[in-house]
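1. here's my sequence, what's the structure:
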Amino acid sequence: MLKLKGRECWWKILLILVGLALLLPIAALLVVRSSTEKAWRNYQAQWDPIDPLDLRHYAPPAIPEEENLAFHPLFKGWETTGSSADLWFRQFEENPALGSGRDKFMADRELLTRSDLSRIGTPAPALSPEERAAELVRLNQPVSALLDQLAQALAERPHAHFAIPWHDALRLLENPSGHILGARGPATNFNLCATLNFHTGDFPAAAADIINALRLTHAIGQDPLLFNLLLEIAMREDCLNTLWDGLSRQKWDEEALAALATELARIAPGGERILTVLRTHRAEVLALIDHFADLSKGSGGSRPTPFVRYFLSVNRLALCRDLQTCLLAPTKGVPAKRATLSGAREFAQRMMNRRKGLKKKLYAPLLLTVLPVVDLTESTLKSEAAVAAARIAVALERHRLVHEPYPGTLAELAPQFLQEIPRDLVNGCDLAYRLKPGGTPLICHRGLDGVDDGGLPGKDIVWQYPPVTP
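-> Prediction:
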């Protein structure tokens, strides 16, 4: 009997030890979960008043319909396939003056190539340059009339905020703004009209076409979403190439140049725009996580399971803290005013680290929704540098008209032609500027790596011209 009792006691001890072994991880999880949830609540309490986390905060302010381009008869219902607005915009894709080349006629400032109407295959190859330009103008007339309507709408309504479900992250995830890709059609046609006007000698009309292309680009980018920003950058690149083409010909008068300068001055700095888009994206991801938390309650449940709550809080904290530390508030907890490429790279490295081993399962929601922040930031900052160079280039032409030749330094442009000279995008120093042999200017931002490559296109961000031809 004594042996039996001893054996029973041993089994009881073993069962207790096994039970403790099973309960300890659960208890640890509950403690960690509670700590993580508390950390998330503390984060919300600290940061939400300073840098709002609610998606609805990023909805543009309500404006009267008569000031909103999205409610203009040309745009209203654009998001619906087959609507009158949808069909109206599709006409730009069918312009016979564009031919099969689409945008191949455009200038390219990086390659120093001006626009070339011979790249449009519609007119017969045997036509002279003058005959080809006249024939393209004739083919373009129906679309030109449509562009006149669009130009009037852009002049009347300075705001453009489209129907976006800011209250519903799931619907927002469906990309309801995808229809705005159709804006590239009229933008390309505005650039075509400007190019035709270059080749037929109507430079005031060409300036008006570029201004309308810039206005359309600005309108498309006003909603703070990734898709809008990327489309805005791509459309503006075409506008700047057409502007470069016109400036290289030295035919604009002061009135046209001043109008172009005013339009370029409306463009918000890219470093600010990317932060707005990142904050909107952060709010969208948090709203999606909240939606998943609601779904995980199950039928009749009031709260998700402890593990689900821990899992979701970990992802909320990781997203917010990484964005805050690297980009949104990297200095003493004060919200940043503009993005930096170094911060974007640090954020990307953190995401890479979270993809290793078991971390990629724990941070799956975050990794599935995170943006390609480095590429996005680089594209946005390059666009900002190009806009800054364009503003200087317009000011240089205005200076040339008044004080022939071009100035020896950029400082001579202020304050008559520029209130303030833009600084180098990377290091905040003066931009590189010099006059090339022949007297034409070269404006240079150092590349995003911060290295001065001597104005080498593809490395530095350069604005310069080919030799002037009669």
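2. break down the stretch 1-150 of the chain into its helices, ranges please.
-> Assigned helices in the stretch 1-150 of the chain, in chain order: 2-47, 84-90, 129-156 (criterion: DSSP state H, counting those that start in this stretch).
3. worst average pLDDT in these?
-> Among the helices of the stretch 1-150 of the chain, helix 2-47 has the lowest mean pLDDT, at a mean of 61.
4. got any ranges where the chain has weak pLDDT?
-> For the chain, applying pLDDT under 70 flags the ranges 1-34, 100-101, 122-125, 175-176, 297-302, 304, 447, 449-459, 468-470.
5. what are the ranges of the strands in it?
-> Counting by DSSP state E, the chain has strands at residues 432-435, 441-445, 461-464.
6. of the ones you listed, which approaches P269 most closely?
-> strand 441-445 (13.5 Å; CB to CB). (Glycine included, C-beta is placed from N, CA and C.)
7. partner strands of that closest one and their direction?
-> Within its sheet, strand 441-445 is paired with strand 432-435 (antiparallel), strand 461-464 (antiparallel), according to DSSP bridges.
8. tell me which residues of the first one are tucked away?
-> Neighbour-count burial for strand 432-435, counted by 16 or more other CB atoms under 10 Å, picks out A432, Y433.
9. can we start the residue count at 886 from this point?
-> I'll keep to 886 as the first residue from here, and by that count the last item is strand 1317-1320.
10. now that strand, how far from the chain's geometric center?
-> 29 Å (CA atoms, centre = their mean, to the nearest Å).
11. T1254 and L1057, how far apart?
-> 12 Å (CB to CB, to the nearest Å).
12. let me fix that, I meant to ask about G1313.
-> For G1313, the distance to L1057 - CB to CB - is 36 Å.
13. higher neighbour count, those two?
-> The residue with more neighbours, out of G1313 and L1057, is L1057; 20 against 7, by other CB atoms under 10 Å.
14. give me every residue that touches the more buried one.
-> Applying CB atoms under 8 Å, 6 or more residues apart in numbering to L1057 gives the contacts L940, I1049, P1050, W1051, E1169.
15. which ones are touching V1028?
-> Contacts of V1028 (CB under 8 Å, 6+ apart): Q976, F977, N980, A982, N1074.
16. same question, R1319
-> R1319 makes contact with P1326, L1327 under the criterion CB under 8 Å, 6+ apart.
17. one step back: with the contacts of L1057 in mind, which one is nearest to V1193?
-> Nearest to V1193 among those, with distances taken as CB to CB, is E1169, at 20.3 Å.
18. how about that closest one, nearest residue that isn't a chain neighbour?
-> In this structure, E1169 finds its nearest non-sequential neighbour in A1054, 5.1 Å apart by CB to CB, 6 or more residues apart in numbering.
19. was I right about the one you found contacting R1167?
-> No. Applying CB atoms under 8 Å as the test, A1054 and R1167 come out as separate, 11.4 Å apart.
20. among these two, which residue is more densely surrounded?
-> R1167 (26 against 18).
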